[in-house]
Every structure is written in structure tokens, then in C-alpha cells.
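Asks: my questions are about this predicted structure, shown below with the sequence.
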Amino acid sequence: MDVSYADPVVAAFVVIPVLLVVALLWGTITAWRRSGATPQAASQAGLAVGAAALVWIIGTWSAAESGVLRRWDQDPPPFALLVAAILVVSLLIAFSRLGRYLARYVPLWALVAVQGFRLPLELAMHAMYERGIMPGVMSYSGRNFDIVTGATAIAVAILVRLGIGGRRLVAGWNVLGLALLVNVVTVAILATPRFAYFGRESLNTWVMYPPFVWLPAVMVLAALTGHLLIFRALRFPLEPR
């Protein structure tokens, strides 16, 4: 797929994932430090997470660039394996020691605020639809309503930070955000060549090319993991952090 990285819309699919990785590194180091770990231990944790993230983003980019993800003649299709891997990695992060530290020691408002990335993402996705690159069913003009999550994340985060919003607000918002995420992921999967549920004219193949592969591989992964971390964080006291 011939795209220009000088195009701000295309660049968004690189910049947002990079910022999410940076946020993960910041969260890891912050969580380790607040847990009482030594600065050296916090740095080591950050390096380990950073190395794993680097392997993941390079690996998924390479899989897209090589054309492996577009091999729908294989059974199971490689893209289906990527989707399964995203789910597994999300669960591993959220329910590991890393996930426990992030949920316990990163401020709840910050965990919510990170999900604000979904607002510019949805705007970029809609631009891709208008250019005929992405099927319309995956935009907010179609069956994707995830822009609501991104638009409300910052507001909810501010309310929590100010002490106005509490556990019920965050829990309700988190359930809604997770439901909207599941909805758009389902739409995206049904639009792949294996199902072609919305017709051959609305196939979801663009995410199998770089840089758009980072939409599922990094941004969907971050959104899902973020929701799981918030659920874990709600088990801890809502103290000022």
C-alpha cells in the first residue's frame, strides 16, 4: 500500500502507537518507584518492558510488510493468529506482576486519561474511510462508536483527578468503553476476507499493511489492556495518588 508518512493522517498511525509505548514505559517506572522499589529496580523494569515492546512492534510491522498477514489462503490465516496473540498479550500484561503494579500505583485518573488516544485515532480512521482506504463500517459513519470512549475519557479523568468522579463513574465508563471496543473489533473481524460479512466492497485489509497494522497490534492492545487494568485498579482504595 503506497502511503506518505508526511501525511498527518498516516503519521497518526505511527505517532499514537509510539506515544502509547512511551506511556507504558512511564507507567512502569512510576509504578515501580511508588511501590518502594529502588531506582535501579525501576529502571530495570522499564528496560525489560521497553525491550519486549520493541520486539512486539518490530515483529508486527515486519509481518505486515512481508505480506504474511495477507495470506488468507492459509488455515488458520496468519491475521487470525495475530488477533489471538493480541488477546493473549493483553491478558498477560493485565494480570501479571506488571499489571498489578500499574493498577495499584499509577493514578486511576491517568489510566483513564490514556484512553483519550481513541479520539484522535477515530478521527484518523474516518479520514482513511473518506480516502477509500478503510471500509465505512469501521468508521463512526458506520458501525464504530468508539469515538465516544475517546471523547469522554479526558472528561472522566479530570473529574476523578478533582475528586468529583468516583468508583461508580469510572466503572460505568469502563464497561461502556469495553463494550464499544468489543463492538468495533467484532466489526473489523467480520469485515476481513475470511468472513466478508459486509460485502466484498467493504473488506478490512488495510490493517494488514504498515503502518496500519499497529491499529490492532498496538492501539487495540492498549485499549483492551487499559480497560482490564482499570477494572483491577477499582479494587484498590480511591486515594489521592
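Replies: The structure has been received and is ready for your questions.
Asks: tell me how far Val184 lies from Arg232.
Replies: Per C-beta to C-beta, to the nearest Å, Val184 is found 23 Å from Arg232. Just so you know, the C-beta spots here come from the backbone N, C-alpha and C atoms, and that holds for glycine as well.
Asks: compare the two (neighbour count), which wins?
Replies: Between Val184 and Arg232, Val184 has the larger neighbour count (other C-beta atoms under 10 Å), namely 25 against 17.
Asks: quick one: the more buried one and Ile147 touch, right?
Replies: No: the pair Val184 / Ile147 is not scored as a contact, 9.8 Å apart, by C-beta atoms under 8 Å.
Asks: give the residues shared as contacts by the two.
Replies: Common contacts of Val184 and Ile147 (C-beta atoms under 8 Å, 6 or more residues apart in numbering): none found.
Asks: now Val187. Nearest residue, chain neighbours left out?
Replies: Take Val187 and drop its neighbours on the chain: the residue closest to it by C-beta to C-beta, 6 or more residues apart in numbering is Arg143, 4.9 Å away.
Asks: can you list the weak-confidence ranges in this structure?
Replies: Confidence mapping of the chain against pLDDT under 70 gives the ranges 238-241.
Asks: ok, now with 50
Replies: Residue ranges of the chain with pLDDT under 50: 240-241.
Asks: what about the strands in it?
Replies: For the chain, applying DSSP state E gives no strands.
Asks: look through it and report the residue furthest from the middle.
Replies: Distance from the C-alpha centroid of the chain peaks at Thr38, with 29.7 Å (C-alpha atoms, centre = their mean).
Asks: quick one on the thing from earlier: the residue nearest to Val187 and Tyr129 touch, don't they?
Replies: No: counting by C-beta under 8 Å, Arg143 does not reach Tyr129; the two are 11.7 Å apart.
Asks: list the contacts for the nearest residue to Ala196 once chain neighbours are set aside?
Replies: The spatial neighbour of Ala196 that comes closest, neighbours along the chain excluded (C-beta to C-beta, 6+ apart), is Leu203 at 6.2 Å. Shown in contact with Leu203 (C-beta under 8 Å, 6+ apart): Pro135, Ala191, Thr192, Pro193, Ala196.
Asks: if I look at Leu203, how far off is Ser139?
Replies: In this view, Leu203 and Ser139 are 14 Å apart by C-beta to C-beta.
Asks: one more: Phe145?
Replies: Taking C-beta to C-beta, one finds Phe145 at 10 Å from Ser139.
Asks: show me which of these two is the more surrounded one.
Replies: The residue with more neighbours, out of Phe145 and Ser139, is Ser139; 21 against 14, by other C-beta under 10 Å.
Asks: how about the contacts made by the nearest residue to the more buried one once chain neighbours are set aside?
Replies: In this structure, Ser139 finds its nearest non-sequential neighbour in Tyr129, 4.1 Å apart by C-beta to C-beta, 6+ apart. Tyr129 is in contact with Pro135, Gly136, Met138, Ser139, Ser141, Gly142, counting by C-beta under 8 Å, 6+ apart.
Asks: buried subset of the residues you listed, written for ChimeraX?
Replies: To isolate the buried members of these in ChimeraX, using 16 or more other C-beta atoms under 10 Å:
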select :135,136,138,139,142
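Asks: can you pull out the helices in the protein?
Replies: For the chain, helices defined by DSSP state H occupy the ranges 8-34, 39-65, 78-94, 97-105, 108-114, 118-130, 147-161, 167-190, 214, 221-233.
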